[in-house]
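S.K.: Following is a predicted model, sequence given first.
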Amino acid sequence: MSGNKTFTIIKPTAVKNGYTGNILAIISEAGFKIVALKLVRLPFKGAEEFYKVHKDKPFYKDLCIFMSSGPIVAAILEKENAIEEYRKLIGATNPEKAKEGTIRKMFATSMQQNAVHGSDSDENAIIESNFFFSGIEMV
Ligand code: CMP
């Protein structure tokens, strides 16, 4: 059975452009409960660690430079069937392929600067949540 939590990041360009409030409102209106939330700046090494599954991809280094280029908002979200529901809400990784009404369609500017990250499995949601939040930061 699928779990009820996912992890998300609002990426540097979306934060810089002032979309944090709009994106969090869309997330809440879609029925997700925010159970952890913080504004942080990832060091380059932290971005390398977070995205290490992509370390052999040609876009890895640029992605890590981008993700450490400015503040990001990290959050843990709760809803039934959270992984799938959230991936539907944010749309395709490539914003050109994202459906109308999805967060990436509305706020992304490129594949790399695609507004938000969303976990792709229950296992990764736990790993990613624990990367950013300690136990007392999750309500
Ligand atoms: P995200 O959901 O954060 O997970 C991995 C990220 O890698 C993805 O969103 C994109 O930002 C980035 N990414 C994936 N594929 C490409 C690509 N072909 N070119 C550039 N960036 C990519």
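M.R.: Alright, I've got the coordinates. Since the structure is predicted, the reported quantities are computational estimates derived from the model, not experimental observations.

S.K.: Near N22, how many other residues are there?
M.R.: 15 (other Cβ atoms under 10 Å). The way it works is simple: take the backbone N, C-alpha and C, and place the C-beta from them, glycine included.

S.K.: Surely it is in a helix?
M.R.: Yes. Assessed by DSSP: H, G, I helix; E, B strand; the rest coil, N22 belongs to a helix.

S.K.: for it, what are its contacts?
M.R.: The contact partners of N22, by Cβ atoms under 8 Å, 6 or more residues apart in numbering, come to F107.

S.K.: let's see it at 10 Å
M.R.: By Cβ atoms under 10 Å, 6 or more residues apart in numbering, the contact set of N22 is 10, 14, 103, 106-107.

S.K.: Could you list which of the residues you listed belong to strands?
M.R.: Among the contacts of N22, the ones falling in strands (DSSP state E) are I10.

S.K.: which of the contacts of N22 lies closest to K55?
M.R.: For those, the minimum distance to K55 (Cβ to Cβ) is 23.3 Å, reached by I10.

S.K.: separation between that closest one and the ligand?
M.R.: Distance of I10 to the ligand, given as Cβ to the nearest ligand atom, to the nearest Å: 11 Å.

S.K.: what's the burial count for that residue?
M.R.: Residues near I10, counting by other Cβ under 10 Å, number 24.

S.K.: Now do the buried residues in stretch 110-126.
M.R.: By neighbour count on 16 or more other Cβ atoms under 10 Å, the buried set for stretch 110-126 is 113-119, 122, 125.
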